[in-house]
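Asks: following is a predicted model, sequence given first.
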Amino acid sequence: MPGHVKAGGSKEADPDPAEFLWISDEMKREDGLKPYDAKKSVWVPDGEGGYDEAMIDTVDGDKVTCKVGWEPKTFKSAQCMQVNPPKMEKFDDVSNMTYLNEASVLWNLKARYVAKLIYTYSGLFCVVINPYKRYPIYTNRVVNIYIGKRRNEVPPHLFAISDGAYQQMMANSKDQSMLITGESGAGKTENTKKVITYLAMVATGAGKKVEKKVSLEDQIVATNPILESYGNAKTARNDNSSRFGKFIRIHFTQSGKLAGCDIVSYLLEKSRITEQQSVERSYHIFYQLLQPYGDGICPEGLRAKCFVSNDIYDYIYVSQGKTSVASIDDNEELEYTEDAFGVIGFEDWEKFDCYVLTAGVMTCGGVQYIQKGRDDQAELPDISIETFAGKAAAAFGVDAAAMVKAFCKPRIKVGTEWVTKGQTVEQATGATGGIARAIFDRVFKWLIEKCNDTLIDASLKKANFCAVLDIAGFEIFEYNGFEQISINFVNEKLQQFFNHHMFVVEQEEYVKEGIDWVMVDFGMDLAAAIIMFEKPMGIWAILEEESLFPKATDKSFEEKLKASLGKLPVFLKPASKTD
């Protein structure tokens, strides 16, 4: 998406990445001149959640007077943290620093970030800070720096982690997985794309090249524009936020040659299809369909083929928030999407079916039912091809009268008999939105299945895989729907899994080996909240139960939550503004 470079682009030499990867000699000299006293240099709280560097002046019991700049301030001794020597300034692995306190870690990350070094190791992990600009550290020149190198031979980088996974897979014949996690806008999807590109490039050197029009590695990389068009949207914090999770497995042969790829998707945020908050946008594909580039895609033009106008405000489902994003050129993105369909090998009719069904989903928002007479029965008298209902039916390839009848007077099975049920305007409108969301969800899942079919080379035998897990980011909105709380829950579950395997299991190993070690609790404070969701009568169970009752309301759901979970210390009842 934003930042894609088309194949056959610039032939210029790759820029020198040195300043973005290595600390210069000049920086080292400047850092060495920094004032430092091993016994007196400390970090102290700045009162705003951060830390200032200070020099201890006097110590009186547990009270320490420090000079912050030239101003004397007094702190408790427990608040003062030791500063690392200047030789450890901008250290590439914080786990190797002499003093591993919070202030030292944060300062090291900040100092490296300011010096344009966005990757830092922390033991087994690689911490990335998003610079929100493009650095020349993902070029072929940089790939060649990392291929086949040990981690301590090259500066911290995502490619070093990727190459380590590939080498481990080859050496031990064991599958490898990389977890890319962080809040929304941290850069998870961008880094996932870089991992896939790197592994595809590294693995194509092995074995004989098969001459064909489009290489497998090109096809794997080309899945990104399609999945991002249908699964990414603008949120309050990120212009190109993945609103679904994906687990991508890249398969290799015994000799390490690329054998294919498959994708598993999780939790597509369906509510965004029909409603958005004021600062957000729906999925990119809806806005791409109305762009002028589509006029040259097919003889009659894409908009005519999809039965849509050129005004996004005709479509209420996708125009409740922002309709354009400064950092994204929708016209150009449609071109990338169109190219990607061709690279992966979609037939023209498959591609246009996707476009037309997607247009039908946004057209459903314009269907307005009216109340028939004094009863509450919904009806739609005009269903000609000029109406939204007629256009939606044409896009879905169904008879307009039959479609409207299904929404207004659906047939339901009662016992062994079928009966016709009357629907109010509100119910019919809700049903239309539900079908629109379900169609988009099925199109998205079909796209992934189709990509998976194309991305496996049947002539090669799969031995092992390197996988990447990239899930939607943690966010707290003004209004938090079911999907977002599910995303946040999954993020926290992953964090606990990560903590358990990297810290708890490691500490247990220390104890087994007889090392004198005091067990430390690493971020398990939210485990109680997870249990509250998952326990037999927890939030998920109560929500599922309420969903089965036809007359359940938000109020009845709230009352059940309070009755079942109200006494738990992690369940906080909402307080009134006047309390």
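Replies: Everything's here; your move.
Asks: quick one: contacts for the residue nearest to residue 306 when sequence neighbours are not counted?
Replies: Leaving out its chain neighbours, the residue that sits closest to residue 306 by CB to CB, 6 or more residues apart in numbering is residue 359, at 3.5 Å. In short, each C-beta sits where N, CA and C put it, glycine included. Shown in contact with residue 359 (CB atoms under 8 Å, 6 or more residues apart in numbering): 289, 306-308, 395.
Asks: below-threshold pLDDT in the stretch 401-550 of the chain: ranges please.
Replies: Scanning the stretch 401-550 of the chain with the threshold set as pLDDT under 70 gives 521-525.
Asks: hmm, what's the outermost residue in the chain?
Replies: Most distant residue from the mean C-alpha position of the chain: residue 60, 50.5 Å away (CA atoms, centre = their mean).
Asks: name whatever forms a beta bridge with that one.
Replies: Residue 60 has these beta-bridge partners by DSSP bridges: residue 63.
Asks: where's it relative to residue 54, distance?
Replies: According to CB to CB, to the nearest Å, residue 60 and residue 54 sit 16 Å apart.
Asks: again with residue 227
Replies: 50 Å.
Asks: cool, residue 82 as well?
Replies: 11 Å.
Asks: so the spatially most central residue of the chain is in which element?
Replies: The residue lying closest to the centre of the chain (CA atoms, centre = their mean) is residue 472, at 3.3 Å. Using DSSP states H and E, residue 472 sits in no helix or strand.
Asks: check the offset of the helix ranked longest in the chain from the chain's centre.
Replies: In the chain, taking DSSP state H as the definition, the longest helix is helix 425-454. With CA atoms, centre = their mean, to the nearest Å as the basis, helix 425-454 stands 20 Å off its chain's centre.
Asks: how about stretch 286-303?
Replies: 28 Å.
Asks: any idea how far the residue lying closest to residue 130 once chain neighbours are set aside is from residue 132?
Replies: Distances taken as CB to CB, 6+ apart put residue 187 closest to residue 130, at 4.1 Å, once the chain neighbours are dropped. Computed with CB to CB, the distance linking residue 187 and residue 132 is 9 Å.
Asks: so for the two, which sits in the more crowded spot?
Replies: Legend: neighbour count by other CB atoms under 10 Å for residue 187 and residue 132, higher for residue 187 (19 against 8).
Asks: check contacts around the closest residue to residue 92 other than its chain neighbours.
Replies: In space, and not counting its chain neighbours, residue 92 is closest to residue 156: 5.1 Å by CB to CB, 6+ apart. If you count contacts by CB under 8 Å, 6+ apart, residue 156 has them with 92-93, 117, 119-121, 126.
Asks: just residue 355 next, same as before
Replies: Residues near residue 355 by CB under 8 Å, 6+ apart: 289, 302, 305-306.
Asks: out of these, which two sit at the greatest distance?
Replies: 289 and 305 (9.8 Å; CB to CB).
Asks: looking at the two, which is more packed in?
Replies: Remark: of residue 289 and residue 305, residue 289 carries more neighbours, 25 against 18, as counted by other CB under 10 Å.
Asks: hmm, that one is touching residue 308, no?
Replies: Yes: here residue 289 reaches residue 308: they are 6.2 Å apart, a contact under CB atoms under 8 Å.
Asks: which residues do those two both contact?
Replies: Counting by CB under 8 Å, 6+ apart, the residues touching both residue 289 and residue 308 are 359, 362.
Asks: just give the number of residues close to the residue lying closest to residue 384 once chain neighbours are set aside.
Replies: Nearest residue to residue 384 in three dimensions, chain neighbours excluded: residue 390, at 5.1 Å (CB to CB, 6+ apart). The number of residues packed near residue 390 is 21, by other CB under 10 Å.
Asks: what sits against the nearest residue to residue 552 once chain neighbours are set aside?
Replies: Distances taken as CB to CB, 6+ apart put residue 546 closest to residue 552, at 4.3 Å, once the chain neighbours are dropped. By CB under 8 Å, 6+ apart, the contact set of residue 546 is 552, 556-557, 560.
Asks: now residue 546: which helix or strand?
Replies: helix 539-548.
Asks: show me what the helix or strand following that helix packs onto, helices and strands only.
Replies: Moving toward the C-terminus from helix 539-548, the next helix or strand (DSSP H and E) is helix 554-565. The contact analysis (3 or more CB pairs under 8 Å, 6 or more residues apart in numbering; DSSP states H and E) places helix 554-565 against helix 539-548.
Asks: hang on, the earlier thing: could you tell me the angle between the host helix or strand of the residue nearest to residue 384 and helix 425-454?
Replies: For residue 390, the element it lies in under DSSP H and E is helix 388-396. With axes from the mean of the first three to the mean of the last three CA atoms, to 10 degrees defining the directions, helix 388-396 sits at 20 degrees from helix 425-454.
Asks: find out how far helix 388-396 is from the centre of the chain, if you would.
Replies: Counting by CA atoms, centre = their mean, helix 388-396 comes out at 33 Å from the chain centroid.
Asks: touching that helix from outside, list them.
Replies: With CB under 8 Å, 6+ apart, helix 388-396 has contacts from 306-308, 356-357, 359-360, 363-368, 380, 382-385, 399-400, 403-404, 439.
Asks: CA atoms only: put the helix or strand following it into CSV for me.
Replies: Downstream of helix 388-396, the next assigned helix or strand under DSSP H and E is helix 400-408. C-alpha atoms of helix 400-408 as CSV (Å, rounded to 0.1, in the frame of the first residue of the first chain):
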residue,chain,number,x,y,z
ALA,A,400,-34.3,-7.5,-7.1
ALA,A,401,-37.9,-8.5,-6.1
ALA,A,402,-36.8,-11.8,-4.5
MET,A,403,-34.0,-10.0,-2.6
VAL,A,404,-36.3,-7.3,-1.2
LYS,A,405,-38.9,-10.0,-0.3
ALA,A,406,-36.2,-11.9,1.6
PHE,A,407,-35.4,-8.8,3.7
CYS,A,408,-39.0,-7.6,4.2
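Asks: what does helix 400-408 contact?
Replies: The contact list for helix 400-408 (CB under 8 Å, 6+ apart) reads 369, 377-380, 383, 385, 389-390, 392-394, 396, 422-423, 428, 431-432, 435.
Asks: just stretch 111-129 next, same as before
Replies: Stretch 111-129 has contacts (CB under 8 Å, 6+ apart) with 19-21, 23, 27, 89-90, 92-95, 105, 108-109, 130-131, 135, 151, 155-158, 160-161, 182, 186-187, 191, 502.
Asks: helices of the stretch 201-350 of the chain, start to end?
Replies: Listed in chain order, the helices of the stretch 201-350 of the chain (DSSP state H, counting those that start in this stretch) span 216-231, 284-288, 302-305, 330-344, 348-363.
Asks: export those helices to JSON lines and append columns for mean pLDDT.
Replies: Below are the helices of the stretch 201-350 of the chain laid out as JSON lines (pLDDT from 0 to 100):
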{"stretch": "helix 216-231", "mean pLDDT": "88"}
{"stretch": "helix 284-288", "mean pLDDT": "95"}
{"stretch": "helix 302-305", "mean pLDDT": "93"}
{"stretch": "helix 330-344", "mean pLDDT": "93"}
{"stretch": "helix 348-363", "mean pLDDT": "95"}
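Asks: do you know the pLDDT at the residue farthest from the centre of the chain?
Replies: pLDDT recorded at residue 60 is 87.
Asks: repeat that for the one 5 residues further on.
Replies: Residue 65 carries a pLDDT value of 92.
Asks: burial count for it?
Replies: 14.
Asks: verify the contact between it and residue 71 for me.
Replies: No: counting by CB under 8 Å, residue 65 stays clear of residue 71, with 10.9 Å between them.
Asks: low-confidence stretches in the stretch 251-400 of the chain?
Replies: For the stretch 251-400 of the chain, applying pLDDT under 70 flags no range at all.
Asks: thank you kindly, that will do.
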